[in-house]
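*Asks:* Mind folding the following:
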Amino acid sequence: MGRITDTVKFLLIVNVLFFIGAQFTHGLADRLLDLYYFENPNFQYWQPLTSMFMHGGFMHILFNMYALWAFGSPLEMRWGQKKFLFFYFSAGLGSALIYTLINYYHVHSGMEALMDAGMSHEQVVNFLKTGEYNTSILNSVPIETLQSMINTFNGVALGASGAIYGVLVAFGIMFPNIELMLIFLPIPIKAKYFIPVLILLDLVLGISGAQTGIAHFAHVGGALFGFIMAWYWRKNSFDNHRWN
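*Replies:* Numbers count the residues shown, from 1 in each chain. Purely as a prediction, here's the structure:
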């Protein structure tokens with residue numbers, strides 16, 4: 001870790017401004033800028049981008065911005081401003097895409113279960129929007145399926161974590177032997193070992209459906225897009241000058 005680079009500094013400032021500004025909107029900023037499931041009436045087309053600058057609390061933004069500074073600055077110094085900025089937003093939007101695809105599966109699995117139990121499509125949609133339901137029908141569908149569908153349809157994603165996970169993966173690819181040390185585990189671990197374990201943990205928690213309050217598949221999505229881009233750029237490092 002060294003000096004903070006210009007693009008990373010810009011992203012830090014924008015994130016902090018969004019965080020501070022959102023505290024004075026009485027929830028309006030969250031309703032407009034957080035990422036809702038795309039079939040929810042609250043979804044807006046700009047949310048995949050704006051949600052990258054929204055955070056749920058002080059510790060949320062603190063950890064994300066620390067990671068952006070610590071791992072993003074070395075990448076910007078290696079790639080340059082334009083390439084790093086392209087990478088950051090691509091990983092963030094890729095994260096939103098994977099998160100949305102997983103959510104689509106959960107919502108429509110629940111909808112199909114309800115329609116198989118006798119509800120019409122219109123009744124299912126009305127149930128998702130209003131909570132009104134036929135008790136006898138709902139009792140024939142596993143409660144876990146219903147909870148997953150409702151939580152997904154009405155839940156939101158926010159934070160820079162998807163883009164940050166892309167940055168983490170890229171750091172591990174570009175600087176695999178740099179040793180990292182966690183606060184709660186003060187043992188130096190090389191990036192090429194630590195980062196895959198972190199992503200695997202998110203994948204396991206996401207598949208298990210653990211209710212942690214964290215969008216694990218958004219993390220995995222950002223990591224996936226980050227890996228594809230960083231691996232390709234490292235393999236074709238001759239094209240660095242194209243971004244100048």
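*Asks:* how about the strands in the protein?
*Replies:* 35-36, 156-157, 179-180, 189-190 (DSSP state E).
*Asks:* just those strands: most buried one?
*Replies:* Among the strands of the chain, the stretch with the highest mean neighbour count (mean count of other Cβ atoms under 10 Å) is strand 35-36, at a mean of 26. (Each C-beta comes from the backbone N, C-alpha and C, glycine too.)
*Asks:* packing partners for that one?
*Replies:* helix 47-50, strand 156-157 (3 or more Cβ pairs under 8 Å, 6 or more residues apart in numbering; DSSP states H and E).
*Asks:* Present the ones you listed as a markdown table; the columns should include mean pLDDT.
*Replies:* Output for the helices and strands packed on strand 35-36, formatted as a markdown table (pLDDT from 0 to 100):
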| stretch | mean pLDDT |
| --- | --- |
| helix 47-50 | 98 |
| strand 156-157 | 94 |
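*Asks:* Mind putting the ones you listed into a markdown table with distance to Met119?
*Replies:* A markdown table is the format used below for the helices and strands packed on strand 35-36 (distance: least, Cβ to Cβ, whole Å):
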| stretch | distance to Met119 |
| --- | --- |
| helix 47-50 | 29 |
| strand 156-157 | 26 |
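*Asks:* so what's the nearest residue to Gly155 once chain neighbours are set aside up against?
*Replies:* What sits nearest to Gly155 in space, not counting adjacent residues and going by Cβ to Cβ, 6 or more residues apart in numbering, is Tyr37, at 7.0 Å. Contact analysis of Tyr37 by Cβ atoms under 8 Å, 6 or more residues apart in numbering lists 43, 100, 103, 107, 152-155.
*Asks:* ok, Tyr37 to Gly92 distance?
*Replies:* According to Cβ to Cβ, to the nearest Å, Tyr37 stands 18 Å off from Gly92.
*Asks:* now the helices: where do they sit in the protein?
*Replies:* With DSSP state H as the criterion, the chain has helices at 6-22, 28-33, 47-50, 58-67, 73-79, 81-116, 121-130, 135-138, 143-154, 161-174, 191-208, 216-235.
*Asks:* List the contacts of the second one.
*Replies:* In this case it means helix 28-33. Applying Cβ under 8 Å, 6+ apart, the contact partners of helix 28-33 are 18, 21-22, 42, 44, 46-47, 50-51, 53-54, 156, 158.
*Asks:* If you rank the residues you listed by neighbours, which is first?
*Replies:* Each of the contacts of helix 28-33 was scored by neighbours using other Cβ atoms under 10 Å; the highest score is Ser51's, at 26 neighbours.
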